[in-house]
Structures are given as C-alpha cells and as structure tokens.
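Engineer: sequence first, then the predicted structure, then my questions.
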Amino acid sequence: MPWPYHILHALIIAAAVLPGTHALASGRATSFTLSNGLQLVVIPDHSLPVVTHMVFYRAGSADDPPGQSGIAHYLEHLMFKGTVRYPTGQFDQIVMRAGGANNAFTSIDKTYYYEQVLADALPRMMALDADRMAGLSFAASEAVSELKVVAEERRAFQNDPDSVLAESVNRSLYAKAPYAHPVLGEPGEMPALTLDKAIDFHRSHYNPGNAIVVVAGDVQPDAVRRLAAATYGAVAAAAPAGPRAVDTPIAGCAYDHIAQRSSRLARSQVSLYYLTPGTARMGARSAAALELLADSLQSEVTSPLWDALVTQAHLATDLSVSHDLHIASGEFTVSLEAAEGVPPDRLERALQQTMLRLRGVGMSADALTTTKRRWLANYVLSSDDQLAVATRYGELLAIGRSLSDIESLPDLISGVTLADINAALAATVSNHCYVTAVLAPQDDDRSRVVRPIAHSANGVR
C-alpha cells in the first residue's frame with residue numbers, strides 16, 4: 001500500500017534535515033589527484049548496476065581565442081569523430097553496444113562529456129575518453145562536414161526568439177568581456193574555424209591538469225582510482241595554460257533595455273537580468289542565499305511577486321526566477337509572461353516597481369522556512385538521479401567550488417538566515433543596475449522602439 005502523500009513528504013523532509021541521512025551526506029564522494037594532475041571524483045551508488053562517467057574540462061566559450069568564437073563548441077563536436085585507436089564512428093557504436101547513452105555540452109566556463117552504461121562497461125568508457133583526451137585523428141573532410149552541422153545549429157538557434165533575445169542580453173550584460181560572445185560563435189567568425197584551430201584549442205585546454213573526471217554509480221573508489229591511473233594516468237601532463245579570462249571578476253553596472261518582436265509569440269514576456277558576483281568573488285553561503293531567494297520568489301506559495309502580479313493584479317500568468325552562477329559573474333533573472341491583453345510596458349513597470357518595493361521590505365520568515373523545506377525535499381529526491389548528481393559535482397568543481405562546498409550544501413541551505421536572504425536581495429536588486437528584456441508578439445503595441453538583435457546558451461551540444 002503506497003504511503004499517504006503527507007507522510008511521504010514528512011519522511012523526505014526528515015531525511016533531508018537529519019545529519020548524515022541525506023543521499024549525499026558529507027564524505028560520500030572520494031577525490032583523488034593523479035600524478036599528471038587530473039582530478040578524479042568517485043560517488044558510490046549501489047542502488048543499480050549502472051555507472052555515470054563524466055569528463056569536465058575547464059574550457060568553454062569564454063576561452064575562445066579572439067576571432068575564433070565558437071571553437072570550443074566546434075571542438076566538442078569533433079571529439080566524437082575519431083582517434084588513431086578508435087577511427088571515425090566507433091566511439092558512439094561502442095557506447096551503444098554497451099547498452100549505454102552518451103552526450104556532451106559546451107557552456108561559457110566549461111565543456112563536459114558523459115556516458116551512462118552498465119557498471120561492467122566502465123573500463124571501456126574510461127579508455128575511450130582517455131584516448132580522445134590524448135589526441136584526435138581523422139580526415140580533414142570530417143571536420144569540414146561537421147562545421148556545416150555546427151553552422152546549421154547556429155541557424156536553428158537564430159530562429160528561436162527566446163534564444164536570440166537571451167544572446168542580446170549577454171552582449172549587453174557583459175559588453176566586451178568573454179561572456180558576451182555566443183557559445184555557438186559569432187556568425188561572421190564561424191566560416192574561419194578550421195581543424196587546425198580546433199586541434200590547437202585541444203592541445204591548450206584538453207589535458208589532465210585541466211580535467212575533472214566524475215564517476216558515480218555501482219563502483220568502489222579504490223577500483224576506480226586504479227582504472228583511472230591505467231587509462232587517464234597514461235596521458236602526458238601538460239604545462240599550465242596560464243590565467244583564463246574568466247578568472248578576472250566582471251565588475252561594472254549594466255543597464256539597458258532590449259526589445260524584440262516575434263510572430264511566434266501569443267503573449268509578451270518581460271525579464272529583468274541582474275548581474276551578480278561569480279564564484280571568484282562570491283562565497284558558498286552567499287550563493288546558497290541567492291539560490292533560496294530565487295526558489296522562494298518563483299513559488300506560488302511564498303513569492304510576493306506571484307501574489308502581487310499574478311494573484312492580485314492579474315498582470316501575468318506565469319513567473320520564473322533563477323540564479324545562474326559562473327566563475328566571473330552570475331545572472332539573477334526574473335521573468336514574467338503577460339496575461340492576455342496586458343501590454344509589455346505595463347507589465348514591465350509593475351515588475352520593476354514590485355522588485356524595488358520588495359528590496360525595501362525584504363522577504364518574510366515564513367517564506368524562508370517553507371522554501372528551505374521544499375529545497376531540501378527536492379534535493380533528496382534528485383539524489384536518486386545518478387546523472388544529475390554527477391553533473392552537480394562536476395559543474396560546481398569546474399567553476400571553482402570545493403568538494404566540501406558541494407557536500408555541505410544542505411547544511412549551508414539549512415543555515416541561511418532571513419538576514420542572509422534580505423542582504424542578498426538588497427545587494428542584487430538595484431534601480432539602475434539591470435537589463436530589461438521584452439519579447440512581444442508581432443502585432444503588439446508598436447510604439448516601443450525595437451532594437452536590432454544580434455544569447456549565449458548555458459550549454460549546447
């Protein structure tokens with residue numbers, strides 16, 4: 001007989017808040033560093049005979065050399081083409097024959113690759129990824145063909161109104177900083193990308209000292225360490241690539257108004273983007289406060305925004321809030337979808353006024369308590385998702401967080417105070433440091449000046 005929902009929910013909360021009972025309690029993961037500099041993180045999970053194997057490189061679109069925007073993403077595609085040991089087409093076939101799935105993603109700070117397979121296939125997966133870390137080898141015609149695939153991906157991206165607007169927002173938020181240019185690359189620079197340039201990028205960034213390997217699943221840490229030493233350990237160490245552009249915190253106060261129209265839209269969307277410090281300047285506790293603030297503000301139960309703009313004023317039908325954290329900066333984003341018949345100007349003014357009013361009065365203690373419970377329950381539930389767990393570790397390590405930061409996150413969340421939340425709110429929300437983005441239907445009020453759009457996806461394959 002299934003547990004009644006309220007009892008099940010109470011059990012989840014208890015598991016989240018009692019020391020040592022949540023699925024990723026402190027000390028669960030084990031970290032090793034190989035002699036060539038590669039960091040290995042092992043997260044045992046014996047619930048199923050499955051393993052997730054991920055390789056994170058501390059290299060993303062912000063590391064693209066000048067004039068070569070898109071090269072990090074282009075290389076990600078080429079990593080599936082072949083090596084001397086495993087010629088073109090064999091990589092995906094080997095994974096599929098092992099009954100597994102694989103993929104890869106490029107973002108502004110990092111690029112990562114993963115395979116999810118039965119546990120006995122892990123040695124083969126580690127050998128495959130170590131081999132392509134050591135170097136690529138395939139016909140130049142393969143690279144030319146893949147560049148056409150990437151160019152088509154770029155064209156499809158430009159046909160998505162949300163993506164194009166977000167790209168314009170990044171240009172405004174980050175001006176001439178590395179985060180400004182798109183992960184997929186500037187259209188005018190893409191034709192100049194070549195195999196030689198991609199190989200140069202590989203030599204500079206795809207080396208053991210710049211990599212984090214995360215293995216989660218039905219494994220023993222010492223056995224995985226021996227496997228890693230036999231595979232990744234054979235890849236020669238490389239000299240450090242030097243300081244990254246993203247290691248310099250992005251300072252400044254962005255302010256802009258961007259608008260775009262689309263015939264594919266039925267209702268207007270209004271978003272506010274606030275620039276926040278990245279991991280280079282923001283401690284884990286402050287980041288936890290912003291994460292809780294975003295979670296609280298988008299909840300129908302705890303959000304003053306929802307109450308004011310959706311429930312009472314009927315100006316919007318949906319609300320989302322998020323905090324995306326990178327190395328040099330982050331974005332705290334508040335987005336609304338207009339109710340039928342509500343013009344974007346009216347919704348925009350109401351959102352700005354409500355955010356400033358909220359900055360003045362702060363959040364409530366009841367909202368914080370409820371949000372903590374929901375966050376901790378979701379954390380425990382998500383810990384059953386092996387890929388999500390491995391990704392969480394790898395992504396946070398790749399942007400500068402420590403293993404201790406990651407594993408103490410539930411404790412950090414539990415310890416966030418109302419003063420922490422309101423300090424984060426006051427530091428983030430300003431009456432002049434933000435970018436407003438409006439996406440309106442083609443036939444909406446045309447009195448607004450619409451600027452030409454020239455985003456950076458958080459991760460693209």
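Structural biologist: Received it, and whenever you're ready, just let me know what you need.

Engineer: low-scoring stretches of the stretch 151-300 of the chain, by residue?
Structural biologist: Low-confidence segments of the stretch 151-300 of the chain (pLDDT under 70): none present.

Engineer: which residues of the stretch 201-350 of the chain fall in strands?
Structural biologist: Under the criterion DSSP state E, counting those that start in this stretch, the stretch 201-350 of the chain contains strands at 211-217, 255-262, 269-277, 316-325, 329-338.

Engineer: among those, which comes closest to Gln442?
Structural biologist: Closest approach to Gln442 among the strands of the stretch 201-350 of the chain is made by strand 255-262 (5.0 Å; CB to CB). For glycine as for every other residue, the C-beta is placed from the backbone atoms N, C-alpha and C.

Engineer: residues touching Gly99, list them.
Structural biologist: 117-118, 121 (CB atoms under 8 Å, 6 or more residues apart in numbering).

Engineer: nearest residue to His46 in space, please, no chain neighbours.
Structural biologist: Leaving aside its sequence neighbours, His46 sits nearest to Asp218 (CB to CB, 6 or more residues apart in numbering; 5.2 Å).

Engineer: repeat for Val301
Structural biologist: Thr370 (6.2 Å).

Engineer: swap in Val150?
Structural biologist: Using CB to CB, 6+ apart, the closest residue to Val150 is Tyr74 (5.5 Å).

Engineer: for that neighbour, list the residues it contacts.
Structural biologist: By CB under 8 Å, 6+ apart, the residues touching Tyr74 are 146-147, 150, 185, 193, 198.

Engineer: cool, and Thr276?
Structural biologist: 282, 290, 323, 325, 329-332, 428.

Engineer: so how far is Ser329 from it?
Structural biologist: Here the criterion is CB to CB, to the nearest Å. By it, Thr276 lies 7 Å from Ser329.

Engineer: export the contacts of Gly99 to TSV and tack on distance to Leu128?
Structural biologist: Formatted as TSV, the contacts of Gly99 follow (distance: CB to CB, whole Å):
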residue	distance to Leu128
Val117	11
Leu118	15
Ala121	10
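
Engineer: burial of the residue nearest to Val301, as a residue count?
Structural biologist: Number of residues near Thr370 (other CB atoms under 10 Å) recorded here: 16.

Engineer: just the element for it, please.
Structural biologist: helix 365-382 (DSSP states H and E).

Engineer: buried sites along that helix?
Structural biologist: For helix 365-382, a neighbour-count test (16 or more other CB atoms under 10 Å) marks 367-368, 370-372, 374-377, 379-380 as buried.

Engineer: please point out which parts of the very next helix or strand once past it sit buried.
Structural biologist: Proceeding N to C from helix 365-382, the next assigned helix or strand is helix 386-398, under DSSP H and E. Residues of helix 386-398 classed as buried: 386-387, 389-398 (neighbour count, 16+ other CB under 10 Å).

Engineer: list of residues touching helix 386-398?
Structural biologist: With contact meaning CB under 8 Å, 6+ apart, helix 386-398 is reached by 23-24, 29, 39, 41, 43, 45, 48, 50, 52, 54, 56-58, 109-110, 112, 114, 116, 212, 214-217, 382-383, 403, 405-406.

Engineer: can you tell me which of these are in helices?
Structural biologist: 382, 403, 405-406 (DSSP state H).

Engineer: endpoints of stretch 374-394, how far apart?
Structural biologist: Stretch 374-394 has an end-to-end distance of 24 Å (CA to CA, to the nearest Å).
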